[in-house]
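Colleague: what follows is a predicted structure for the sequence shown.
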Amino acid sequence: MLNYDTLSQAINSLTSRGYTENLNLKPFCIECPSLALQLYPEDFTIDEYYRFEGASDPADNSIVYAISAIDNSLKGMLVDAYGVYAENITPEMARKLRVEK
């Protein structure tokens, strides 16, 4: 994995490497609105992830995931908060998105 100082650097790099779809986190799946596609935990892999912590505000904590569909139908990014501000998701999604510090 590469290192980035900012979220925007990570996003720009991932975009240049083909992670072009913007993904949304839903309780049971990841959604790709532009392709009207839903990916459940068994449908995708996390290729890379990068965490960013706000200097003084915990609300600034975020993570960007580089995600590929198992069937190679898409490569995209999911940007989300983490910690106490993370979305309410199913245990299966939580296990899939769990990353180690």
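Modeller: Sure thing, it's come through. Remember, it's a predicted structure, so these values are computed and weren't measured experimentally.
Colleague: enumerate the beta-bridge partners assigned to residue 69.
Modeller: As for beta bridges, residue 69 partners with residue 44 under DSSP bridges.
Colleague: ok, it - contacts?
Modeller: Residue 69 is in contact with 37, 39, 43-44, 75, counting by CB atoms under 8 Å, 6 or more residues apart in numbering. The C-beta positions use only the backbone N, C-alpha and C, and glycine is treated the same way.
Colleague: and the pLDDT for the closest residue to residue 53 other than its chain neighbours?
Modeller: Leaving aside its sequence neighbours, residue 53 sits nearest to residue 61 (CB to CB, 6 or more residues apart in numbering; 5.3 Å). For residue 61, the pLDDT comes out at 83.
Colleague: what count of nearby residues applies to residue 61?
Modeller: 17 (other CB atoms under 10 Å).
Colleague: what is the burial count for the closest residue to residue 41 other than its chain neighbours?
Modeller: Spatially, and ignoring its direct neighbours in sequence, residue 41 is nearest to residue 96 (4.1 Å; CB to CB, 6+ apart). The number of residues packed near residue 96 is 20, by other CB under 10 Å.
Colleague: what about residue 96, is that helix, strand or coil?
Modeller: At residue 96 the chain is in helix, as set by DSSP: H, G, I helix; E, B strand; the rest coil.
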